[in-house]
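Trainee: next come a sequence and a model predicted from it.
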Amino acid sequence: MPRVASTGPTDGDPFSGFLGDLMRLIQSSGGAGGWDAARQLAIQVATGGQPEANPEPLHRIRLEALVGAAEPRVADATGLSTTRSGRAVRIVPVTRSEWAQRTLQAYQPLLERLAASISGSVASAATQDDDPDGSDPTSRLLGDMLSAMAPMLLTMQAGSMVGHLAARAIGPYDLPLPRPDDELLVVDANITRFEEEWSLPGDDVRLWICLSELTTHAVLALDHVRARFGQLLDAHADAYRIDPAALEGQLASVELTDPAALQAALGDPITLLAALQSPAQRQLRPQLDALVAALVGYVDHVVDVTGGPLIPTYPMLSEALRRRRVEASPADRVVELLLGLDVGVAAYERGAAFVEGVLTRSDEATLARLWNSARELPTPAEVDAPGLWLARIDLD
């Protein structure tokens, strides 16, 4: 690892001098204050710093009616309950800033786990090469500083990521992570913008949203599906391991006594997260990718079956949604690296091919067994070869 030049007498205190001031500043920004700052950043990015109008009251009224129409059709098509609590699911139009705040809150437990994992990995890598016995105060300071800065930067990057998502997202499952309750937030301004860009009737778009969000929620409400997602996401978070050579290369040309240069080097999320990827994460990714592909492919199929007969402009709406998925968000690559969750066009195409393969060989009742238990969840190989999945569950 690179050495930090001394910034003055230490008198036995590794936190004296300029780097000491920087270290104390970093520490004072952590904890709850870090999340407060992340929420403010999420709001700033989501709104572009501009005032927001409240959702139209009429949109709320229409959504309530459309949810009532969509819920029984989703239940019939999937055989699943659309609610976790037993109470009716609510789909609520909100502003971008409210969506960002609530989403960051929902993701916070996973993000805190990520921050703890990255902090420990960075601290270990920062000292293991240059100061194996922990006797060098400068190396200890570098380790402490990087250990503190990594979760702070991750927290702020999480705020930025959620803010970018809020600026574009339609509903809570644009990123298909389990949500904590039966209140699903949709971004009213983004829905209206989508309608206007494609000249689509508002009720058609909102009915599609109800069908899609309710179907996704019904699947993710299943205990074994939530557990599988949680297991994989937690394992991915826990498996961050810094590559010392990658970190050294990143910092080799940086003047480590210059906080702006250091933050610039560590603040690029793509570069930093790439240095933190581990072999264990690369082994987990195919399992996460397979689960996401099966989910989005199934949801699209159910929406086709239920929405096609109900929505007059469904072919035009489907094309608009396909084009929307092709347009990458600034946060997409960060989400993939940070959470290990790939929700790009390839995931939808892979999921659609899996569903088509099952239905070609069998029927809707067989496809519905996909979510019966943890045993029926497909492996990566089975998503690419649906016949293998059918054979394993004794339905070939």
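Mentor: On my side now, so go ahead.

Trainee: low pLDDT regions in the stretch 101-250 of the chain?
Mentor: Low-confidence segments of the stretch 101-250 of the chain (pLDDT under 70): 120-153, 242-250.

Trainee: average pLDDT across stretch 340-356?
Mentor: Here stretch 340-356 scores 93 as its mean pLDDT.

Trainee: pull the CA coordinates from it and hand them back as PDB.
Mentor: Provided in PDB are the C-alpha atoms of stretch 340-356 (Å, rounded to 0.1, in the frame of the first residue of the first chain):
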ATOM      1  CA  GLY A 340     -25.300  -7.500  -7.400                       C
ATOM      2  CA  LEU A 341     -28.700  -7.000  -9.000                       C
ATOM      3  CA  ASP A 342     -28.800  -6.900 -12.800                       C
ATOM      4  CA  VAL A 343     -32.100  -5.500 -14.100                       C
ATOM      5  CA  GLY A 344     -31.100  -4.600 -17.600                       C
ATOM      6  CA  VAL A 345     -32.700  -5.600 -20.900                       C
ATOM      7  CA  ALA A 346     -30.900  -8.900 -21.000                       C
ATOM      8  CA  ALA A 347     -32.600 -10.000 -17.700                       C
ATOM      9  CA  TYR A 348     -36.100  -9.300 -19.200                       C
ATOM     10  CA  GLU A 349     -35.200 -11.100 -22.400                       C
ATOM     11  CA  ARG A 350     -33.800 -14.100 -20.500                       C
ATOM     12  CA  GLY A 351     -36.900 -14.300 -18.300                       C
ATOM     13  CA  ALA A 352     -39.200 -14.100 -21.400                       C
ATOM     14  CA  ALA A 353     -37.300 -16.900 -23.000                       C
ATOM     15  CA  PHE A 354     -37.700 -19.100 -19.900                       C
ATOM     16  CA  VAL A 355     -41.400 -18.500 -19.600                       C
ATOM     17  CA  GLU A 356     -41.900 -19.200 -23.300                       C
END
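
Trainee: can you mark which positions in that stretch are buried?
Mentor: G340, L341, D342, V343, G344, A347, Y348, R350, G351, A352, F354, V355 (16 or more other Cβ atoms under 10 Å). The C-beta positions use only the backbone N, C-alpha and C, and glycine is treated the same way.

Trainee: secondary structure element for the residue lying closest to the first one once chain neighbours are set aside, which one?
Mentor: Closest residue to G340 in three dimensions, ignoring its sequence neighbours and counting by Cβ to Cβ, 6 or more residues apart in numbering: H236, at 4.0 Å. With elements delineated by DSSP states H and E, H236 resides in helix 223-238, which encompasses its position.

Trainee: which other residues reach that helix?
Mentor: Residues outside helix 223-238 that contact it (Cβ atoms under 8 Å, 6 or more residues apart in numbering) are 110, 113-114, 117, 177-178, 219-220, 280-281, 284-285, 287-288, 291, 339-341, 371, 373-374, 377.

Trainee: one more: stretch 191-199?
Mentor: 59, 93, 170, 200-202, 205-206, 209, 316-317, 320, 324.

Trainee: mind redoing it with 6 Å?
Mentor: Stretch 191-199 has contacts (Cβ atoms under 6 Å, 6 or more residues apart in numbering) with I170, G202, V205, A320.

Trainee: tabulate the CA atom coordinates of that stretch in PDB.
Mentor: This file holds the C-alpha atoms of stretch 191-199, laid out as PDB (Å, rounded to 0.1, in the frame of the first residue of the first chain):
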ATOM      1  CA  ILE A 191     -46.000   8.500 -14.800                       C
ATOM      2  CA  THR A 192     -47.400  11.700 -16.300                       C
ATOM      3  CA  ARG A 193     -44.200  12.400 -18.200                       C
ATOM      4  CA  PHE A 194     -44.300   8.900 -19.600                       C
ATOM      5  CA  GLU A 195     -47.900   9.300 -20.800                       C
ATOM      6  CA  GLU A 196     -47.100  12.600 -22.500                       C
ATOM      7  CA  GLU A 197     -44.000  11.400 -24.200                       C
ATOM      8  CA  TRP A 198     -45.800   8.500 -25.800                       C
ATOM      9  CA  SER A 199     -49.300  10.100 -26.100                       C
END
